[in-house]
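**Q** got a predicted structure plus its sequence, pasted below:
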Amino acid sequence: MKFGILVNEGPFTHQASDTAYQFAKAALEKGHDVPRVFFYYDGVNNANKYSAPQADDRNLVKLWGALAAEKNVDLVVCVAAGMRRGIQNESLAPGFRISGLGQLVEAGMGCDRLMMFGD
Amino acid sequence: MKFGILVNEGPFTHQASDTAYQFAKAALEKGHDVPRVFFYYDGVNNANKYSAPQADDRNLVKLWGALAAEKNVDLVVCVAAGMRRGIQNESLAPGFRISGLGQLVEAGMGCDRLMMFGD
Amino acid sequence: MLHTVNKSPFERNSLDTCLRLAKKGSAILLIEDGVIAAVKGTVQSAKIEGAVGNHAVYVLGPDLKARAFSEDQVISGVKVVDYAGFVDLAEEHGTHNAWL
Amino acid sequence: MLHTVNKSPFERNSLDTCLRLAKKGSAILLIEDGVIAAVKGTVQSAKIEGAVGNHAVYVLGPDLKARAFSEDQVISGVKVVDYAGFVDLAEEHGTHNAWL
Amino acid sequence: MAEFEFETEGVKKTFTFMNRKAPYGTIYALEVLETVLISAAFEQHANIIFVDDGVYQIKAGQDTTAINMKNFSPTYGIIEMEKEDADEDDDIDMVWRIIVEKESLDARGLTEDDFKVSVEVLSAAEIADIVDASDCVISG
Amino acid sequence: MAEFEFETEGVKKTFTFMNRKAPYGTIYALEVLETVLISAAFEQHANIIFVDDGVYQIKAGQDTTAINMKNFSPTYGIIEMEKEDADEDDDIDMVWRIIVEKESLDARGLTEDDFKVSVEVLSAAEIADIVDASDCVISG
C-alpha cells in the first residue's frame, strides 16, 4: 500500500515529526511504500541543515535524510511555507527538495492513504 | 521602566512573536527601555536570516532587526535552543546574537518586568 | 500581577487555570485568540462574566478587531485597551504571568 | 476511517470534537499526549469509557510507556498497539483523520 | 533525493479540509486556504468544513490593520467563486461544498448572517457522514 | 547589535517556573528545566510548580526508548538535589520550592507516591499567593 505523509510541525518543539518518522519507518519495514513525505507549515523546519542537537538526542533532519537515501522517499518542502520560515536552497538539508503545494495534493491523489501529523 | 521580553515561538505559525514585537514597540514609544529580547524554544526561528515572506506580509525577522538597530535592543538567541533548531551563526540574521540561557535569567534579574509571549 | 491569556476558552484550558490560580484583585488581559473569552452570548461567556467581580479584566482591542468583534459585543465590565494600554497595565500591575 | 487524537483531553477540545464528529463504528487511535485520555481513574476517563461502545479505540503503547503509564492503567476495551499496529490500523480503516 | 512522479491522470478524489482554529492566533487557517486553492487546479472534489473556532475564520468584518498581519479573509470569497464556477460550468467535474457545523455556531451565538460567504449549515451527524466518505482529510 | 550588560550584582529575585504541559508531546518541559538549572548558577529563589498536565512531568517510571526521544526526567532529581543543597548549606542564600497543585493531582487520580521527587502538595489558593509574590514567571 502507498502511504503519503504530511508533516505540519518542526522537529523538537512538537512530537509530530517524531511520530511521522516512526510511522514512515514502520510502514517501510512492513513492506509498504512511502513515496512522498510533504513538509508544510512549521514542518519545513525539518529540512534545516543547520540543526545540530546534542549528541544524546535524536537528529530528525538526518533521520529523514537517511530514510530518503535508503528507502527512496521523496522529501518535499513547500516552497511558500519554506520561504516564510527561512528554508531555502541555502539552508536545505541533503535529501530534501523544495517544490510547490501541488505536490501535496498529488500525494493525496496518488497514494492509498494520506497520513497527517501536526499540533 | 525596563522591560525584558521572552519570545517562545517562531514567526508566522503563532501570533506570539507579533504580539511581543507590538508590545516592545509600544513600550519604546512610551519612553520605556527594552534592553533585551530573549528568543527561546521555537522563538529562535525569529532570527533565521533566510526568512523571506511575501511582499504583502510583515517580515518579523527584519522588524526585530530594525528595532535592534534603531532603539539599541539586545536581541539574544539561546545557543542550545538554536543549535537544536538550526539557528547558528551561518543562519543568523543581522541584529541578533547567540548566547547562553543565563542571559534570560539576567534579563529577569535586571529588568523591572519580564514579559513572556508564547503558545 | 498581570495575567495574560492568549488562547480561546473553547480550545484550551488556560483560561480555566488562570481563573483558578489568579489571586483576587489581580488583573487579567485577554489577547490573541484569548479575546474570544471576552465576547458576549457564547457558551463560554459565563467565565469572564464571573471573573469581572474578582479581577480587573481587559481585552486587547487590535485582536478583537482582527477577529471581527466589535466593542459592543464585549462583556460588560471588561475594558478594551490597545498595545500602549497593555504596556501601562504591565507597568501598573507588577509581575507578568502568561498562561501559555 | 481512522481518527487520531494527539492532545490531552485536559488541555484541548480535540477529543471532544473527534467524538462528536466520528461516525459510529470508525476507529480512534490515541497518540502522543492524547494517550492521557486512555487512562483509568481521571476526571476525563468517562469520555473514552463511553466511546468504546461506539468505536474501536486504540492507544499507542510507546507513548504510554514514555509517560509512565502501564498497560493495566488503560481503560477496559481499549487496545494497545505499537507503530507497526498503527500502520495496520491505517491500512485497515481507510482515510486518516487527524484531529489537530 | 528521490523525486517521485505520481500517476494522477484521471484521478478524482474527495478532499476534506477541516478548519478548527481561530484566525490570526495561528497561521493554520491561511495555509489550509492555500491548499484548498491548489486542489482546484487538480479539479478535485472538496468539502471545506468549519467547526469549533474555525467558524470565526469566515466572519465578515475582519480588520487586521492594528495587529499588522495580512487579512486573508477575502480569499474565502475566491473559494466561493471557485465553487460557483464549478457548480455552474458543466465542463468542470468538481463538487465543492462549504459547510459549517450547527453545534459550533450555536455554542458561539453565531448565525449564517455573520459570514462573508454562503455556507451549508449541517449537524455534527451529517458532517460525520460526509467526512467519513472522503478520501483525504487535511486539517488545521 | 546592541549587547547589553545588566547590573545583577547582589540582585536576588524569586522566579516562578510554571509547568503546565505533559512531557514529550511538546518540548516545553525539557526547556523550562534547563532554565531552572541556569537560575541556580545565579543563586535566585525559585518556585518550581507543576499544575494541570505538568504534574505528569515528574511521574516515576518514564521510558522513552520506543519513541526514540531523550528521557529527561532524571534531571528532576538534579533539581531536587540543588534544592536540598540550598536548604542545608547556610552559605547558599537560595530558597527553592517544588510544588504540585492538589486540584490537578486529584483530577488525575495521582498521589505524591507517583512522583520521583519530593514535593509540597498545595491548594490552588495557596499557590496563587506564592505566584503572586514572585518577581518573574516563566511558564511552559
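**A** Thanks, I have the structure now. Numbers count the residues shown, from 1 in each chain, chains lettered A, B, ... in the order given.
**Q** which positions in chain E make contact with chain B?
**A** Residues of chain E that fall close to chain B, judged by CB under 8 Å from any CB of the partner chain: E:24-28, E:67-70. All C-beta atoms are positioned from the backbone trio N, CA, C, and that covers glycine.
**Q** let's see 10 Å
**A** Neighbours of chain B within chain E, by CB under 10 Å from any CB of the partner chain: E:23-28, E:30-31, E:66-70, E:72.
**Q** and these, which are buried?
**A** E:23-28, E:30-31, E:66-69, E:72 (16 or more other CB atoms under 10 Å in any protein chain shown).
**Q** closest to F:Val95 out of those residues?
**A** Taking CB to CB as the measure, F:Val95 lies nearest E:Gly25 of these, at 37.0 Å.
**Q** before we move on, back to that, contacts with chain C among the residues of chain E next to chain B, please.
**A** Counting by CB under 10 Å from any CB, the members of the residues of chain E next to chain B near chain C are E:23-26, E:66-69.
**Q** can you map out the helices along the chain?
**A** Since you didn't name a chain, this refers to chain A. Using DSSP state H, the helices found in chain A span residues A:16-29, A:60-71, A:79-85, A:102-110.
**Q** not quite, go with chain E.
**A** With DSSP H as the criterion, chain E has helices spanning E:28-41, E:74-88, E:102-107, E:124-132.
**Q** adding mean pLDDT, write the ones you listed out as TSV.
**A** Below are the helices of chain E laid out as TSV (pLDDT from 0 to 100):
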stretch	mean pLDDT
helix E:28-41	96
helix E:74-88	95
helix E:102-107	98
helix E:124-132	98
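**Q** most tightly surrounded among these?
**A** Of the helices of chain E, the one with the most neighbours on average (mean count of other CB atoms under 10 Å in any protein chain shown) is helix E:28-41, at a mean of 20.
**Q** ok, the closest residue to C:Phe69 other than its chain neighbours - contacts?
**A** Spatial nearest neighbour of C:Phe69, excluding adjacent residues (CB to CB, 6 or more residues apart in numbering or on different chains): C:Val39 at 5.7 Å. By CB atoms under 10 Å, 6 or more residues apart in numbering or on different chains, C:Val39 lies in contact with C:9, C:30, C:45, C:48, C:59, C:64, C:67, C:69-70, C:73-75, C:78, E:56, E:108-109.
**Q** next one: E:Ala86
**A** E:Ala86 touches E:40, E:43, E:45-46, E:92-96, counting by CB under 10 Å, 6+ apart.
**Q** if you set the cut-off to 7 Å instead, what comes out?
**A** E:92, E:94-96 (CB atoms under 7 Å, 6 or more residues apart in numbering or on different chains).
**Q** show me which of the residues you listed are buried.
**A** Counted by 16+ other CB under 10 Å, the contacts of E:Ala86 give E:94, E:96 as buried.
**Q** and the contacts of E:Ala86 as a markdown table, adding pLDDT and distance to C:Ala98?
**A** Converted to a markdown table, the contacts of E:Ala86 look like this (pLDDT from 0 to 100; distance: CB to CB, whole Å):
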| residue | pLDDT | distance to C:Ala98 |
| --- | --- | --- |
| E:Ile92 | 93 | 49 |
| E:Met94 | 95 | 45 |
| E:Val95 | 97 | 45 |
| E:Trp96 | 98 | 40 |
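**Q** need the contacts of E:Ala86 in JSON lines (columns: distance to D:Cys18).
**A** Listed next are the contacts of E:Ala86 as JSON lines, based on distance: CB to CB, whole Å:
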{"residue": "E:Ile92", "distance to D:Cys18": "33"}
{"residue": "E:Met94", "distance to D:Cys18": "28"}
{"residue": "E:Val95", "distance to D:Cys18": "25"}
{"residue": "E:Trp96", "distance to D:Cys18": "24"}
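**Q** E:Ile99 versus the residue nearest the centre of chain E, what's the distance?
**A** In chain E, the residue lying closest to the centroid (CA atoms, centre = their mean) is E:Ile48, at 2.9 Å. As for E:Ile48, its distance to E:Ile99 is 7 Å (criterion: CB to CB, to the nearest Å).
**Q** same question for C:Met1.
**A** For C:Met1, the distance to E:Ile99 - CB to CB - is 43 Å.
**Q** from the contacts of E:Ala86, which is closest to chain C?
**A** E:Trp96 (23.8 Å; CB to the nearest CB).
**Q** and the lengthiest helix in chain C with helix B:16-29, angle?
**A** Taking DSSP H as the criterion, chain C has its longest helix at helix C:83-93. Angle, helix C:83-93 to helix B:16-29, by axes from the mean of the first three to the mean of the last three CA atoms, to 10 degrees: 80 degrees.
**Q** can you list the residues of chain C near chain E?
**A** By the rule CB under 7 Å from any CB of the partner chain, the part of chain C lying against chain E is C:6, C:8, C:10-11, C:32-33, C:36, C:41-43, C:62-63, C:65-68.
**Q** let's see it at 10 Å
**A** Proximity of chain C to chain E is confined to C:6-11, C:31-36, C:39-45, C:60-70, C:73, C:82-83 under the rule CB under 10 Å from any CB.
**Q** buried subset of these?
**A** Buried among these by 16+ other CB under 10 Å: C:6-11, C:31-36, C:39, C:42, C:44-45, C:60-69, C:83.
**Q** before we move on, the earlier item: in TSV: the helices of chain A, plus mean neighbour count.
**A** Below are those laid out as TSV (neighbours: other CB atoms under 10 Å in any protein chain shown):
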stretch	mean neighbour count
helix A:16-29	22
helix A:60-71	19
helix A:79-85	22
helix A:102-110	23
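**Q** picking up where we left off before, find me the pLDDT at the residue nearest to C:Phe69, would you?
**A** Here the pLDDT value assigned to C:Val39 is 98.
**Q** count of residues packed around E:Asp91?
**A** A count of nearby residues for E:Asp91, using other CB atoms under 10 Å in any protein chain shown, gives 5.
**Q** buried set for stretch E:49-60?
**A** The neighbour-count check on stretch E:49-60 (16+ other CB under 10 Å) flags E:49-59 as buried.
**Q** and the residue nearest the centre of chain C?
**A** C:Leu30 (2.6 Å).
**Q** now E:Lys83. Nearest residue, chain neighbours left out?
**A** Nearest to E:Lys83 is E:Trp96, by CB to CB, 6+ apart, at 4.0 Å.
**Q** do E:Val55 as well
**A** Nearest to E:Val55 is E:Ser104, by CB to CB, 6+ apart, at 5.1 Å.
**Q** chain F contacts on chain C?
**A** Contact residues (CB under 10 Å from any CB) of chain C with chain F: C:1, C:3, C:13-14, C:16-17, C:19-26, C:94-100.
**Q** ignore the last one, chain A
**A** A:9, A:11-16, A:18-19, A:21-22, A:25, A:53-54, A:56-58, A:60, A:63, A:119.
**Q** residues contacting C:Gly53?
**A** Applying CB under 10 Å, 6+ apart, the residues near C:Gly53 are C:24, C:77.
**Q** residues near A:Ser99, how many?
**A** Residues near A:Ser99, counting by other CB under 10 Å, number 16.
**Q** so who does it touch?
**A** A:Ser99 sits next to A:38, A:74, A:76-79, A:82, A:106, E:3 when contact means CB under 10 Å, 6+ apart.
**Q** thought C:Val52 was touching C:Val78?
**A** Yes - contact criterion CB atoms under 10 Å: C:Val52 and C:Val78 qualify, at 6.4 Å.
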